[in-house]
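Asker: Pasted the sequence and its predicted model underneath.
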There are 2 protein chains.
Amino acid sequence: MKPYQINELERLTGIKAHTIRIWEKRYGLITPLRTSTNRRYYSDDEVRKLLNVSTLLSKGHKISKIACLTEIEFTNELLAENSLLKSNNSYEGLINDLLKSMLNFDEQSLESIFQLSVTRHGFYNTMLHVVYPFLNKVGMLWRIDEAETAQEHFATAVIRRKLQAATEALPKAINKGNKFLLFLPEGEWHDTGLLFADYVIRSKQHESVYLGQNLNQESLLKVLQVVKPDYLLLFYITARPIEEIRKQLLLFAGHNEITVLVTGTPSLISNLDLGVSNVVCLSSVNDLFDYL
Amino acid sequence: MKPYQINELERLTGIKAHTIRIWEKRYGLITPLRTSTNRRYYSDDEVRKLLNVSTLLSKGHKISKIACLTEIEFTNELLAENSLLKSNNSYEGLINDLLKSMLNFDEQSLESIFQLSVTRHGFYNTMLHVVYPFLNKVGMLWRIDEAETAQEHFATAVIRRKLQAATEALPKAINKGNKFLLFLPEGEWHDTGLLFADYVIRSKQHESVYLGQNLNQESLLKVLQVVKPDYLLLFYITARPIEEIRKQLLLFAGHNEITVLVTGTPSLISNLDLGVSNVVCLSSVNDLFDYL
DNA sequence: CATTTTGTTTAATTATTTTCAAACAAAGTT
DNA sequence: AACTTTGTTTGAAAATAATTAAACAAAATG
């Protein structure tokens, strides 16, 4: 893996460069290697670690306490906060089975578990209560270095195929519902959730224009002049300044007759306080389902 | 659109920074705006322009001649080289219909044209002779500033859905063929072609492990220890030093019993001369089809 | 074979980023 | 109220990246 400079680390984690430095000095939290000319460089491991520190911070832990934890205690706190333990009844087994199949790149097994879940709980519940928690867990495993990027790619590819096939199989809308425009802003690459939203919207007989990942602002604004949707739906997952999000949402909301539905990482979207009536923060896809 | 510095422009186009400067000085080919402190910054328009210059160069045009062309002549040369005019018989009409639908974000129309083509020419021929040229044409329209990123996103999303639904509908392989590992290396984001390759491979009853876009080298190497495929299939589309590609391919090919199938931009993969027997360059998906 | 075209190399100047230490300020704790 | 924790600000030195001009060298052209 290519090494990151401190500024890239800031971009990836959303933690300011001088804060990263002072943590290093005061607590020795993350002690990066140096180039021959004394510049810090960080590996994937350190990105992971810092992301995890950031998570614990956002959950109310103090940096001084975090710094005192051993590696094992640290991981435990993290798992506790993300409540992977939250053994939500009958789904937990399926999720763990999916994990095992993923780690072995076993597509047949992955598919049959998925199929089993669909017959048992239906497609919607499978996505919401099995696949979603599964993907979260995969992300968490990556964060504690127990899973590879490739394994996540493999699993999401299968899931996406299922999702798109299911969407394709839906009866075509008879042009009665509202028109939704779905996209992820620049820098956002994980569109599996958005594909599920697309499925949900279409299943409720609404019209959907799906634009996918990493769409820049200017391009979107031009689209709005052509498409005239009733709703925008977008996610903010990746770390970035809240102010940037606020500005962008207000810009989108400025178009008459549009309602902006936004969801994503709670710390990014929960305390926006836009003071505008046509921006609605949803906390999950289930909220979207209810909203429709 | 955010402005690019000269180094980012180098990364995006594969043309060295000092070459970009000297072209500016000698021919005034691209005259970027400057910051208040005299640094060059480039917009999307200039990225496009430089990509196009690069294309003409690779087709044997001289930089001095290119510099003399008017904007219109320039576009004409470009279109001629990319032989969009190559009106390959009965497909041309369908392609243009798709374009029209895309520009209007008209999914219903896009779908019915696709369906028409499938019934007329079959799924495989539709992908190969309609969708592929269509996507090329879209890329070209973006290059000459006649299409938006969003329109391409919209069209590819529909096509990907069709592709994945078709793949999903294939009868499951009975574990008899070879095992393929499909992925795009770091920095490669356009996996529609790879999805089609996935479809082709599965349709020929081979086994496929699909890992998708932007997979880093280390991660892939770890996968190889678990998955043990007979074949690797990967694309290089985005500009990068040939030497980097060569090194990476040799690394992949170094694993015993593996055949590496590689395709992508002709200028990147045609003159690799690896001197290894287990790396095969394919010039198109049709080559893959024949190969299987 | 001389000339032109073209990209690379060199060297000096300026701008930006990283580094470190120390002071500062807001908030929570004792 | 004094102290602790925590992140930000300030300022100066070092490293990196961008700027220009001029010289260089390989390949194509005449």
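Answerer: On my side now, so go ahead. Numbering: from 1, shown residues only, chains lettered A, B, ... in the order given.

Asker: Only the buried residues of the lowest-mean-pLDDT helix or strand in chain A, if you could.
Answerer: Lowest by mean pLDDT, DSSP states H and E among the helices and strands of chain A is helix A:266-269, with a mean of 82. Using 16 or more other Cβ atoms under 10 Å in any protein chain shown as the test for burial, helix A:266-269 gives A:Leu268, A:Ile269. Quick note: C-beta positions are derived from backbone N, CA and C, even for glycine.

Asker: likewise stretch A:57-68?
Answerer: When burial is assessed from 16+ other Cβ under 10 Å, stretch A:57-68 yields the following buried residues: A:His61, A:Ile66.

Asker: is it anywhere near DNA strand C?
Answerer: No: residues of stretch A:57-68 are not located near DNA strand C by Cβ under 7 Å from any atom of the strand, the shortest gap being 8.0 Å.

Asker: what comes into contact with that stretch?
Answerer: Stretch A:57-68 is contacted from outside by A:Trp23, A:Arg26, A:Tyr27, A:Gly28, A:Leu29, A:Val53, A:Leu56, A:Phe74, A:Glu77, A:Glu81, A:Ser267, using Cβ atoms under 8 Å, 6 or more residues apart in numbering or on different chains.

Asker: Low-confidence bits of the stretch 51-200 of chain A, can you list those?
Answerer: A:83-88 (pLDDT under 70).

Asker: follow-up on the earlier one: which of the contacts of stretch A:57-68 count as buried?
Answerer: Using 16+ other Cβ under 10 Å, the buried ones in the contacts of stretch A:57-68 are A:Trp23, A:Leu29, A:Val53, A:Leu56, A:Phe74, A:Glu77.

Asker: Tell me where the stretch 1-150 of chain A has strands.
Answerer: Shown for the stretch 1-150 of chain A, the strands assigned by DSSP state E, counting those that start in this stretch span residues A:33-34, A:40-41.

Asker: Also within reach of chain B: list those from the buried ones among the contacts of stretch A:57-68.
Answerer: Near chain B, judged by Cβ under 8 Å from any Cβ of the partner chain, there are no entries from the buried ones among the contacts of stretch A:57-68.

Asker: Inside helices: which ones of the residues you listed?
Answerer: The helices, defined by DSSP state H, take in A:Trp23, A:Val53, A:Leu56, A:Phe74, A:Glu77 from the buried ones among the contacts of stretch A:57-68.

Asker: Same list, these, but only the ones touching DNA strand D.
Answerer: Answer for these near DNA strand D (Cβ under 7 Å from any atom of the strand): A:Trp23.

Asker: need the ones in helices among the buried ones among the contacts of stretch A:57-68 in a markdown table with distance to DNA strand C, can you?
Answerer: Shown next, in a markdown table, are those (distance: Cβ to the nearest atom of the strand, whole Å):
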| residue | distance to DNA strand C |
| --- | --- |
| A:Trp23 | 12 |
| A:Val53 | 17 |
| A:Leu56 | 16 |
| A:Phe74 | 21 |
| A:Glu77 | 17 |
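
Asker: Including distance to A:Ser101, could the ones in helices among the buried ones among the contacts of stretch A:57-68 go into JSON lines?
Answerer: Shown next, in JSON lines, are these (distance: Cβ to Cβ, whole Å):
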{"residue": "A:Trp23", "distance to A:Ser101": "39"}
{"residue": "A:Val53", "distance to A:Ser101": "31"}
{"residue": "A:Leu56", "distance to A:Ser101": "30"}
{"residue": "A:Phe74", "distance to A:Ser101": "28"}
{"residue": "A:Glu77", "distance to A:Ser101": "29"}
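
Asker: Quick check: residues of the stretch 1-150 of chain A near chain B?
Answerer: A:Met1, A:Asn104, A:Phe105, A:Glu107, A:Gln108, A:Glu148, A:Thr149, A:Ala150.

Asker: Which of these sits closest to DNA strand D?
Answerer: Closest approach between the residues of the stretch 1-150 of chain A next to chain B and DNA strand D, by Cβ to the nearest atom of the strand: A:Met1, at 17.8 Å.

Asker: one step back: report all helices and strands that the least confident helix or strand of chain A contacts.
Answerer: Contact partners of helix A:266-269 among helices and strands, from 3 or more Cβ pairs under 8 Å, 6 or more residues apart in numbering or on different chains; DSSP states H and E: helix A:242-253.

Asker: List the contacts of the helix it packs on.
Answerer: By Cβ under 8 Å, 6+ apart, the surrounding residues in contact with helix A:242-253 are A:185, A:217, A:220-221, A:224, A:232, A:234, A:236, A:258, A:260, A:262, A:268-269, A:271-272, A:274, A:276, A:278-279.

Asker: which of the residues you listed count as buried?
Answerer: In terms of neighbour count (16+ other Cβ under 10 Å), the buried residues within the contacts of helix A:242-253 are A:185, A:220, A:232, A:234, A:236, A:258, A:260, A:262, A:268-269, A:272, A:278-279.

Asker: In helices, which of those fall?
Answerer: Taking DSSP H, the ones among the buried ones among the contacts of helix A:242-253 that sit in helices are A:Leu220, A:Leu268, A:Ile269.

Asker: isn't A:Ile20 right next to A:Glu8, touching?
Answerer: No: A:Ile20 is beyond contact range of A:Glu8, at 11.2 Å (criterion: Cβ atoms under 8 Å).

Asker: what about these two, which has more around it?
Answerer: A:Ile20 (23 against 15; other Cβ atoms under 10 Å in any protein chain shown).

Asker: pLDDT at that one, what is it?
Answerer: pLDDT recorded at A:Ile20 is 95.

Asker: now swap in the one 10 residues further on and tell me
Answerer: If you check A:Ile30, the pLDDT there is 91.

Asker: Please name the residues that touch it.
Answerer: Contacts of A:Ile30 by Cβ under 8 Å, 6+ apart are A:Ile20, A:Trp23, A:Glu24, A:Tyr42, A:Glu46, A:Lys49, A:Leu50, A:Val53.

Asker: Find the residue closest to the residue nearest the centre of chain A in space, skipping its chain neighbours.
Answerer: Centre of chain A computed as the mean C-alpha position; nearest residue by Cα atoms, centre = their mean is A:Ile237, 4.6 Å away. Closest residue to A:Ile237 apart from its sequence neighbours, by Cβ to Cβ, 6 or more residues apart in numbering or on different chains: A:Gly264 at 5.0 Å.
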